[in-house]
Every structure is written in structure tokens, then in C-alpha cells.
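Engineer: Pasted the sequence and its predicted model underneath.
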Amino acid sequence: MPELFPQTPHFQDLKSLQNDPGVRELACFLFTYGVLPRDKMSFWYSILHSHKVIALSINGKRQQFDDRISIAQVLERLELKGKRLALERNGEIVPRSRFKQEMLCDGDKLEIVIAVGGG
Amino acid sequence: MDNLIIAGKSYTSRLLVGTGKYKNFAETRAAIEASGTQIVTVAIRRTNIGQNAKEPSLLDFIPPSRYTLLPNTAGCYSAEDAVRTLRLARELLDGHSLVKLEVLGDPHTLYPNVVETLSAAEKLVKEGFKVMVYTSDDPIVAKQLEETGCIGIMPLASLIGSGMGILNPYNLQIIIENAKVPVLVDAGVGTASDATVAMELGCDGVLMNTAIAAARDPVLMACAMKKAVEAGREAYLAGRMPKRLYSAVPSSPTKGIIAASGKNQAA
């Protein structure tokens, strides 16, 4: 186990770490921003892969996807690939250039907007 | 050339048109084309998830390559929502930063909340947006919005969708007198003469949506509006004659009138 965890039973058991939402969120963050030390890679990989399915809120509706899905993959699944749109993840705009790299996590809220008629 | 200059770009048409409330995209396009407009407003909304991928979208009919798009903040009741919406719009339109700001105060009348509008305008200008701002016909607020850095002031003629025409031409005149940026009437135009009156007062342009979309024949009304705005602008530039209670100077000569026959002689 990486040394950054306290020496308590909860943090010494791989299973409880994998189920800890805070630890999973940390794993997601580390992968998204590419700040993983090479020797810790396999540990964090196992955290990220432990969950088979993630639940996302997309335009207010709950949908489930396989773990390790990128924004680009979600858009393709929703038949929105190639459409002119803008996307917010948890309140922050994600530029189109990051759609392929940005991996989504359980509980993420997405807002996907387009231009429509209006005065 | 008497062109409308907005954000450094020159436009021959002084009529701006909204893309809402039409029967379908085909009618939207036909009306927009008939109006001769070069600047159209669009709204930013959630996409329908599960919609057929082959279904067309508005921008297929009103392409950004052909028209200058003005994303709006319709439906926003707070500065925060307006700013958020326009950030999304800028991302959607590849960095396009010319926007229409409107912050409403009341869903029943759709009257603008000028306090939130001022707050939103300040934030947006700081973030580099070029803001055309929808506001009330309060001259002080209009000046404050201009001083905040908005590049266009758009006072209402009357309530959105009401078609009541210009209710307070005097306020509008004051706003036009005091403004150093373009002033465009936005909201409340109902028929062609309303647009003409706005231009005669000295407005730089007119923005309308319902006046065209809710007409019995939107394409024909769009044609009328195109002429109305042109006519009003030319009348303004021509310099109208003064209004008088009466004028003893008729248009025809007073000399050489044949002798009167008897009845109703002039003294």
C-alpha cells in the first residue's frame, strides 16, 4: 500500500480502499491529470478498475456506463459524436480538445448543450 | 457607406433577427433570408439525449459561416447563470465572443433585472466577451452598462413578445443622445412601423423575433421589416421636417389663384 495512507486497518485492506469513494475519486484525479509515480501505477490501476460500472448524471438523467469511459466515448454512445456542442463536467467546462483523454468517474454530473432557436 | 459597425465588423443590414418561435427550421431559414439580416440570435439549451443522430439541428439551417451568431442568455434569472451560459456558448462556437446578455427578473412579464444585468455585464467584459446587452429603457442604467464596457446597448421598446411597439420614445431618445456605442431596440416590436419609428429616433438597429415569427405570414413580414428598417434609417439620415401645430405655408403657390366665384372667399 502506498505510504500516503494512515496505518489503520481500513487503509491496509485493498478491498476497503477499492470501495472507499474518496480513494476512488483520488485515483480518477491522478489518472486524469497524469500525476502518477510509475512504481505506484499498478496499485492505483487496481483502485480504478475495481468498480465495474459507473453512474453518471447527464443533463439531469442518471445513466450507467462501464468503468474507464472517456467523455468522447460517452458522446459516441449517446450518438452525439461530431455534433457541435459544449460540455460541463461537475460545473467546469471541458474543452473539446480534452474529450478523448478525460476519464469519467462515478457520480460525475455532465451538462451537454447545443444552440437552438431563440430571440 | 452607412453600415452598422459591431465589434469591429461592418454590416449592411441594420435588422437583427431571432431564431425562435418558428414552425420549423425551414420556415426559420426562409424568414431569416427574407429579412436580409446578417446577425441572428440563438439560445443555449441541453441537447436531447436519445435523440436520433440523423435529426438536423438549427445550425445546419443557419450556419455560422453565413451569419454572425449572437448566443443569448434567455431563461437566466441570475448573473451567475448568464455568465455560465455564455461561457458554454463561447466553447460551443469555437471561441466566438460576441454575445447577447439578458437577465430576466420575472417569468411572467420577462422584464429585465437590471441589477443582475449590470453584475453579469461586468464579469463578462472582464472575461473578454463582447457584450450586446438587453436592458430596460432607463437612461441611467443604459449609460452604466456602456461604462461597464458593453459594446451595444439594447433597450426594450416594450415587453418581450408583446408587440406593443415603442412605449417610451422619449427615454429611447435620451439613451441614443447619451450613448457612444450602438443602440439597438430589442423586444416589443410588433409591426413594420414600429421598426421604422425606432430607426427614425436614431437607433443604430433593431432586433426582433416574435414580430416576424408570430405574423400570419412570417416570410412576408420579414420582407416588410427589411424595408421598414431601411426606410426609417433613410428618413433619419435625410433629416425630417419639423412638427408644427399649424403652418400657413401650403405646398402649392399662393400667387396666381383664379378669381374666387363668390362663396367662401378668402378675406
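Structural biologist: Thanks, I have it.
Engineer: give me the element the residue nearest to the spatial centre of chain B is part of.
Structural biologist: Central residue of chain B (CA atoms, centre = their mean): residue B:207, 1.9 Å from the mean position. Using DSSP states H and E, residue B:207 sits within strand B:205-208.
Engineer: what does residue B:45 give?
Structural biologist: Applying DSSP H and E as the criterion places residue B:45 in strand B:39-46.
Engineer: what's the answer for residue B:176, then?
Structural biologist: Element membership of residue B:176, judged by DSSP H and E, is helix B:169-178.
Engineer: Buried residues of that helix, list them for me.
Structural biologist: Within helix B:169-178, the residues scored as buried using 16 or more other CB atoms under 10 Å in any protein chain shown are B:171-172, B:174-176. C-beta: built from backbone N, CA, C; applies to glycine.
Engineer: which among those residues gets closest to chain A?
Structural biologist: residue B:172 (19.3 Å; CB to the nearest CB).
Engineer: Quick one: residues contacting the closest one.
Structural biologist: B:137, B:155, B:157, B:166, B:183, B:185, B:198, B:201, B:203 (CB atoms under 8 Å, 6 or more residues apart in numbering or on different chains).
Engineer: if you look at the residues you listed, which of them are in helices?
Structural biologist: Counting by DSSP state H, the contacts of residue B:172 place residue B:198 in helices.
Engineer: Spatially, which residue comes closest to residue B:196, not counting chain neighbours?
Structural biologist: residue B:232 (3.7 Å; CB to CB, 6 or more residues apart in numbering or on different chains).
Engineer: Please put the alpha-carbon coordinates of the strand holding residue B:45 into PDB.
Structural biologist: The C-alpha coordinates for strand B:39-46 follow below in PDB (Å, rounded to 0.1, in the frame of the first residue of the first chain):
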ATOM      1  CA  ILE B  39     -26.800  38.800 -37.300                       C
ATOM      2  CA  VAL B  40     -29.100  36.200 -35.700                       C
ATOM      3  CA  THR B  41     -29.600  35.300 -32.000                       C
ATOM      4  CA  VAL B  42     -29.600  31.700 -30.800                       C
ATOM      5  CA  ALA B  43     -30.300  30.100 -27.400                       C
ATOM      6  CA  ILE B  44     -28.200  27.600 -25.500                       C
ATOM      7  CA  ARG B  45     -30.000  24.600 -24.200                       C
ATOM      8  CA  ARG B  46     -29.500  21.000 -23.200                       C
END
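Engineer: So which bits of the stretch 1-150 of chain B are right by chain A?
Structural biologist: When proximity is defined by CB under 8 Å from any CB of the partner chain, the stretch 1-150 of chain B lies next to chain A at B:18-22, B:28, B:41-47, B:49-53, B:57-59, B:69, B:71-72, B:74, B:84, B:87-89, B:91-93.
Engineer: Quick one, which of these are buried?
Structural biologist: Among the residues of the stretch 1-150 of chain B next to chain A, those scoring as buried are B:18-22, B:28, B:41-45, B:47, B:57-59, B:69, B:71-72, B:74, B:84, B:87-89, B:91-93 (criterion: 16+ other CB under 10 Å).
Engineer: Could you pull up phi and psi at residue 11?
Structural biologist: Just going to use chain A. phi -90, psi 0 (degrees, to the nearest 10).
Engineer: Please refer instead to chain B.
Structural biologist: In terms of degrees, to the nearest 10, the main-chain angles of residue B:11 are phi -130, psi 140.
Engineer: ok, of the buried residues of helix B:169-178, which one's closest to residue B:108?
Structural biologist: Nearest to residue B:108 among the buried residues of helix B:169-178, counting by CB to CB, is residue B:171 at 22.5 Å.
Engineer: correct me, but that closest one touches residue B:135?
Structural biologist: No - counting by CB atoms under 8 Å, residue B:171 stays clear of residue B:135, with 11.2 Å between them.
Engineer: intersection of neighbour lists for these two?
Structural biologist: Common neighbours of residue B:171 and residue B:135, using CB under 8 Å, 6+ apart, are residue B:155.
Engineer: Let's see which of the residues of the stretch 1-150 of chain B next to chain A end up in helices.
Structural biologist: Among the residues of the stretch 1-150 of chain B next to chain A, the members found in helices (DSSP H) are B:28, B:58-59, B:84, B:87-89, B:91-92.
Engineer: Now for residue B:5, how many residues are close by?
Structural biologist: With neighbours defined by other CB atoms under 10 Å in any protein chain shown, the count for residue B:5 comes to 12.
Engineer: Helix, strand, or coil at it?
Structural biologist: For residue B:5, the assignment made with DSSP: H, G, I helix; E, B strand; the rest coil gives strand.
Engineer: Next one: it from residue B:12, what distance?
Structural biologist: Per CB to CB, to the nearest Å, residue B:5 is found 11 Å from residue B:12.
Engineer: got it, and residue B:42?
Structural biologist: Between residue B:42 and residue B:12 the computed distance is 21 Å (CB to CB).
Engineer: sorry, back to before: quick check: the residue nearest to the centre of chain B touching residue B:155?
Structural biologist: No - the criterion here is CB under 8 Å, and residue B:207 misses it with residue B:155 at 10.6 Å.
Engineer: Identify the contacts common to the two.
Structural biologist: With CB under 8 Å, 6+ apart as the test, residue B:207 and residue B:155 both reach B:185-186.
Engineer: Identify the residue nearest residue B:121 in space, chain neighbours excluded?
Structural biologist: Spatially, and ignoring its direct neighbours in sequence, residue B:121 is nearest to residue B:148 (4.7 Å; CB to CB, 6+ apart).
Engineer: So the one you found sits against residue B:118, correct?
Structural biologist: Yes - counting by CB under 8 Å, residue B:118 is a contact partner of residue B:148 at 6.6 Å.
Engineer: how about stretch A:56-64 as PDB, C-alpha atoms only?
Structural biologist: C-alpha atoms of stretch A:56-64 as PDB (Å, rounded to 0.1, in the frame of the first residue of the first chain):
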ATOM      1  CA  LEU A  56     -23.300   9.500 -14.400                       C
ATOM      2  CA  SER A  57     -25.900  12.200 -14.400                       C
ATOM      3  CA  ILE A  58     -26.200  13.500 -17.900                       C
ATOM      4  CA  ASN A  59     -28.500  16.500 -18.400                       C
ATOM      5  CA  GLY A  60     -30.200  15.600 -15.200                       C
ATOM      6  CA  LYS A  61     -30.800  11.900 -16.100                       C
ATOM      7  CA  ARG A  62     -28.900   9.100 -14.400                       C
ATOM      8  CA  GLN A  63     -27.100   6.700 -16.800                       C
ATOM      9  CA  GLN A  64     -24.700   3.800 -16.200                       C
END
